[in-house]
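Participant: what follows is a predicted structure for the sequence shown.
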Amino acid sequence: MKELKVLSVLPLLLISLIVMEKKSNGNSLQVGDISFISMKSSNNDSFSIITSVNLQPGTKIHFTDSEWNGNHFGFDESNILWKTGNHIIKANSIIKFTNLNSTPFVSIGSLYGYMRISKKKDAIFAYIGNERMPIKILAACANDELGFGTLVNTGLIKDITAIMFH
């Protein structure tokens, strides 16, 4: 009888661990939970985001300036991975990503990789998932609409969750 109880509890424990892992990796984030508030291409490429929800410790968000083709990102641009750190980041927090093309720095958490933002026809997508294959795209910004590639199958809405900086 004890063996049966252990076997019935084991699946519940595994499901709980999977749910906790998904939440800690940011997989519970939704489109619009972060928004871009700036994008700058210069000697020190940079961008900033604002959170509209609390970001849990250990959240991982990818950023790429590759174009979206409706199914995946291209392989011709760069990517960075942001890990939020060990503390909750409160809603309405502004996070600044600077020196992206030389020695990348983020105001909260840690940053891996680099990014060179072009002055024309470039976009940045924020997403959760794998390096080139998102589970969910959260937000995007561009300095030219052509920089997005397309917004088909992203869940983003132009001028709301996919914004333009001129």
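Facilitator: Arrived safely. Numbers count the residues shown, from 1 in each chain.
Participant: regarding the chain, what is its longest strand?
Facilitator: What stands out as the longest strand in the chain, according to DSSP state E, is strand 134-142.
Participant: what comes up buried for that one?
Facilitator: Across strand 134-142, burial judged by 16 or more other C-beta atoms under 10 Å covers 134, 136-142. Using the backbone N, CA and C atoms, a C-beta is placed for each residue, glycine as well.
Participant: any chance of those residues in TSV, plus distance to residue 56 and pLDDT?
Facilitator: TSV is the format used below for the buried residues of strand 134-142 (distance: C-beta to C-beta, whole Å; pLDDT from 0 to 100):
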residue	distance to residue 56	pLDDT
134	19	93
136	15	96
137	19	97
138	14	98
139	18	98
140	22	98
141	24	97
142	28	96
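Participant: one step back: who does the longest strand of the chain pair up with?
Facilitator: The partner list of strand 134-142 in its sheet, established with DSSP bridges, is strand 123-129 (antiparallel), strand 162-164 (parallel).
Participant: what about the longest one, average pLDDT?
Facilitator: When pLDDT is averaged along strand 123-129, the result is 96.
Participant: put the alpha carbons of that strand into CSV.
Facilitator: Extracted C-alpha coordinates of strand 123-129, given in CSV (Å, rounded to 0.1, in the frame of the first residue of the first chain):
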residue,chain,number,x,y,z
ALA,A,123,14.9,45.8,-35.1
ILE,A,124,15.3,44.1,-31.7
PHE,A,125,13.0,41.3,-30.5
ALA,A,126,12.7,40.2,-26.9
TYR,A,127,11.6,36.6,-26.4
ILE,A,128,11.7,33.6,-24.2
GLY,A,129,12.8,30.2,-25.4
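Participant: need the residues that contact the longest strand of the chain.
Facilitator: 27, 29-36, 39, 47, 49, 61-62, 68, 73, 122-129, 148, 151, 154-156, 161-165 (C-beta atoms under 8 Å, 6 or more residues apart in numbering).
Participant: PyMOL command to pick out the buried ones of those?
Facilitator: What follows is the PyMOL syntax selecting those of the contacts of strand 134-142 that are buried according to 16+ other C-beta under 10 Å:
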select buried, resi 29+31+33+34+35+36+39+47+49+61+62+68+73+122+123+124+125+126+127+128+129+148+151+154+156+161+162+163+164
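Participant: taking the contacts of strand 134-142 one by one, which sit in strands?
Facilitator: Counting by DSSP E, the members of the contacts of strand 134-142 that fall within strands are 34-36, 39, 47, 49, 61-62, 123-129, 162-164.
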